[in-house]
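Novice: kindly return the folded structure for what I paste below:
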Amino acid sequence: MARFVSQSLALPLSYFSKTVLPTERLSTAFLSTTVISKALLSTALCASIALFSSQASAQISVDQALPKVSIEKDGELMLKDSKVQYQSWNSDQLTGKVYLIQHMAGRSSAKEINDPLIERIKMAGFDREKYSTVTVVNTDDAIWGTSGFVSSKLEGNKEKYPWSIIVLDKEGVARDIWQLEKKSSAIIVLDQNQQVRWFKDGKLSEQEQRQVMQLLEQLQANNLQ
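Specialist: The predicted structure follows:
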């Protein structure tokens, strides 16, 4: 017995590898394939996350075109026969004049964030042929149980101001694409070529409000040339 053991210890490792049972070979191969597959999947997932993060960090940039948004569910409020109806809305429609987009969560607190700027715009009485305000309301970011109330409020505003552009975004499509903050209000100024000329997500200071008003006047004046 001792002689057999000593002889076994003297055998090369290649001998044992040749005597591995078929089932053991299959098990080893399966484990190797599984490990490689998991490694490849992990690498691909990390690459996808990195790509998404890089895209998300620069969705809206000044002096660049506004990233396209298409809202199919609900969308823009339209008045037909004195009744509010909905139609799909696409940001590509915003060409030919100056636009200020106010994107906000479907909360009264979000509306109040940049109300002072909106009041200034109302007081300015800009020519509707050269300028429009676009209000995009994300009811996916509303207090639970209040989205229906917010929708009714928007419909009332459309009836009161039929020339206004109001967009209802129930699924938060615009916020996701433009990578905006939750529970917030963002201001985007577009020129007649749909280039972003000013952008901020959050409350505008007094100085920033003046800057936006001056820019709107300047862009409208340039549009006449």
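Novice: pretty sure Glu159 sits against Val84.
Specialist: Yes - assessed by Cβ atoms under 8 Å, Glu159 is found in contact with Val84 at 6.6 Å. The way it works is simple: take the backbone N, C-alpha and C, and place the C-beta from them, glycine included.
Novice: report the beta-bridge partner residues of the nearest residue to Ile113 once chain neighbours are set aside.
Specialist: In space, Ile113 comes closest to Ser185 once its chain neighbours are excluded; the distance is 3.9 Å by Cβ to Cβ, 6 or more residues apart in numbering. Ser185 has these beta-bridge partners by DSSP bridges: Met104.
Novice: need the pLDDT of Ser185.
Specialist: Listed pLDDT for Ser185 reads 97.
Novice: got a list of what it touches?
Specialist: The contact partners of Ser185, taken as Cβ atoms under 8 Å, 6 or more residues apart in numbering, are 102-105, 110-111, 113-114, 201-203.
Novice: so which of the residues you listed comes closest to Gln194?
Specialist: Closest approach to Gln194 among the contacts of Ser185 (Cβ to Cβ): His103, at 15.6 Å.
Novice: Glu159 and Val84: who's more crowded?
Specialist: Using other Cβ atoms under 10 Å, the more surrounded residue of Glu159 and Val84 is Val84, with 18 against 13.
Novice: distance of that one from Leu215?
Specialist: To Leu215, Val84 is 32 Å away according to Cβ to Cβ, to the nearest Å.
Novice: quick one: secondary structure of Val84?
Specialist: Assigned by DSSP: H, G, I helix; E, B strand; the rest coil, the conformation of Val84 is strand.
Novice: ok, it - contacts?
Specialist: Counted by Cβ under 8 Å, 6+ apart, Val84 has contacts 77-78, 155, 158-159.
Novice: redo that, cut-off 10 Å
Specialist: For Val84, the contacting residues are 77-78, 151-152, 154-159, 162, 166, by Cβ atoms under 10 Å, 6 or more residues apart in numbering.
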